[in-house]
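1. here is my input; please provide its structure:
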Amino acid sequence: MPILYDHPEGGQRSPLPGRADLDEAARPSAPAIQDATDTHRAFGRQLAMIHAHHRRELAQVRRVLTRIEDDAAAAGDLTKVLNTMAIAQNLRLFGAICGRECQHLQFHHNIEEGHTFPTLEQNGSEGLRAVVAKLRKEHEVVHTLIGALSERGAAFVQNPAAATLADLKEVISNLEEVVDSHFSYEERELEEALGVHGGL
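-> You can find the predicted model right below:
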């Protein structure tokens, strides 16, 4: 049975999205850029380094949850990790526990939405614009899961029980799968374009 999450507006709970919601089969591919050089591609690979940081932070949360499940750590450890992780948006506004590092992914996506994607749309091919449109849709899935992580993390910290731990683990599992798939697609499709057209 899927986990449900609360809408921030207080509406009815909905099924938690997962990797299937990315609709990977519908992902367009950007055409190769004729004048792209190894230097351009090396510049574009900076995005992968940023993503690697977010992946490490999410893996850290997973490790703490495993320790908690093994009774090797207390729920307070989870709070510390979530307050410094770089895989969620700034949800302090909603009373969540993500804190400073939560702002980093939101900032990363804000840069993509406000600068990187418009730059690529303006300077790139029609094929690249189709990739950017797909990436924007995938951001919606990622941010829905981040909201669910915040909600389930807060529920677990308030009530560290087997049920809330299981809910939180499922959210993190979904988020890890979605983020890994999304990041890999983004890195592959934008590597040349970021070097040639800029936007990082």
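2. longest helix anywhere in this protein?
-> When the chain is parsed with DSSP state H, its longest helix is helix 162-197.
3. who are the packing partners of that helix?
-> helix 38-44, helix 46-69, helix 117-123, helix 126-158 (3 or more C-beta pairs under 8 Å, 6 or more residues apart in numbering; DSSP states H and E). Where C-beta positions appear, they are placed from N, C-alpha and C, glycine not excepted.
4. where among the ones you listed is average confidence lowest?
-> Lowest mean pLDDT within these: helix 46-69, a mean of 80.
5. which helices and strands sit right next to that helix?
-> helix 75-82, helix 99-111, helix 162-197.
6. lowest average pLDDT across those helices?
-> Among these, helix 75-82 scores lowest, at a mean of 52.
7. do you know which of the helices and strands packed on helix 162-197 lies nearest E176?
-> Smallest distance to E176 across those (C-beta to C-beta): 5.7 Å, for helix 46-69.
8. A32 and E192 touch, don't they?
-> Yes: taking C-beta atoms under 8 Å as the definition, A32 is a contact partner of E192 at 6.9 Å.
9. the more surrounded of those two?
-> Ranked by neighbour count (other C-beta atoms under 10 Å), A32 and E192 place E192 first, with 23 against 8.
10. now do the SS call for the nearest residue to the more buried one once chain neighbours are set aside.
-> Nearest residue to E192, sequence neighbours excluded (C-beta to C-beta, 6 or more residues apart in numbering): A36, at 4.1 Å. Here A36 is recorded as coil under DSSP: H, G, I helix; E, B strand; the rest coil.
11. A36 contacts L190, correct?
-> No: if you go by C-beta under 8 Å, A36 and L190 don't touch, sitting 11.6 Å apart.
12. who has more neighbours, the two?
-> The neighbour count for A36 versus L190, taken as other C-beta under 10 Å, is higher for L190 (27 against 15).
13. surely the more buried one meets R45?
-> No: counting by C-beta under 8 Å, L190 stays clear of R45, with 9.9 Å between them.
14. mind listing what's buried along the longest helix of the chain?
-> 164-165, 167-172, 174-176, 178-179, 181-183, 185-187, 189-197 (16 or more other C-beta atoms under 10 Å).
15. which parts of stretch 31-46 are buried?
-> Neighbour counts over stretch 31-46 (16+ other C-beta under 10 Å) mark 33, 40, 43-44 as buried.
16. hmm, V61 is touching I172, no?
-> Yes: if you go by C-beta under 8 Å, V61 and I172 touch, sitting 6.1 Å apart.
17. now the longest helix of the chain against helix 126-158, angle please.
-> Angle of helix 162-197 versus helix 126-158, following axes from the mean of the first three to the mean of the last three C-alpha atoms, to 10 degrees, is 150 degrees.
18. in JSON lines: the helices and strands packed on helix 162-197, plus distance to A26.
-> JSON lines is the format used below for those (distance: least, C-beta to C-beta, whole Å):
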{"stretch": "helix 38-44", "distance to A26": "23"}
{"stretch": "helix 46-69", "distance to A26": "22"}
{"stretch": "helix 117-123", "distance to A26": "18"}
{"stretch": "helix 126-158", "distance to A26": "7"}
